[in-house]
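**Student:** sequence first, predicted coordinates after that:
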Amino acid sequence: MEETIQYILHKLIQPRLEQLKELSISGVDNIEKYQYIVGQYRSLNDLQQDLRDLLKKQELLDDDDSDERGSTR
């Protein structure tokens, strides 16, 4: 699962965030398009943070599991 989350973060979300940033910097036709871009950026940013939090939680659980297995032997 860890590899999948890393792939999503680095190969899907990060490039899209950069693309949206460039779009907003280069200018948009109207305020509606700008607001749409900002909404997408914020949503992807939130998703990115949630996935990072999930990775950290998973790593902590993995560490706890290996500690428990090590102490029972």
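**Tutor:** Here it is on my side, so go on. Numbering: from 1, shown residues only.

**Student:** for the strand or helix carrying Arg69, which helices and strands make contact with it?
**Tutor:** Element membership for Arg69, per DSSP states H and E: helix 31-72. Applying 3 or more C-beta pairs under 8 Å, 6 or more residues apart in numbering; DSSP states H and E, one finds that helix 31-72 contacts helix 2-7, helix 14-26. Placement of C-beta: from N, CA and C, glycine included.

**Student:** pLDDT on the last one, on average?
**Tutor:** Helix 14-26 comes out with an average pLDDT of 96.

**Student:** what does the first one give?
**Tutor:** When pLDDT is averaged over helix 2-7, the result is 93.

**Student:** pull the residues that contact it.
**Tutor:** Contacts to helix 2-7, defined as C-beta atoms under 8 Å, 6 or more residues apart in numbering, come from residues 51, 54-55, 58-59.

**Student:** send me it as PDB with only the CA atoms.
**Tutor:** What follows is helix 2-7, C-alpha atoms only, in PDB (Å, rounded to 0.1, in the frame of the first residue of the first chain):
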ATOM      1  CA  GLU A   2       2.900   2.300   0.800                       C
ATOM      2  CA  GLU A   3       4.200   2.200  -2.800                       C
ATOM      3  CA  THR A   4       0.800   2.900  -4.200                       C
ATOM      4  CA  ILE A   5       0.400   6.000  -2.000                       C
ATOM      5  CA  GLN A   6       3.900   7.200  -2.900                       C
ATOM      6  CA  TYR A   7       3.100   6.800  -6.600                       C
END
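
**Student:** much appreciated, bye for now.
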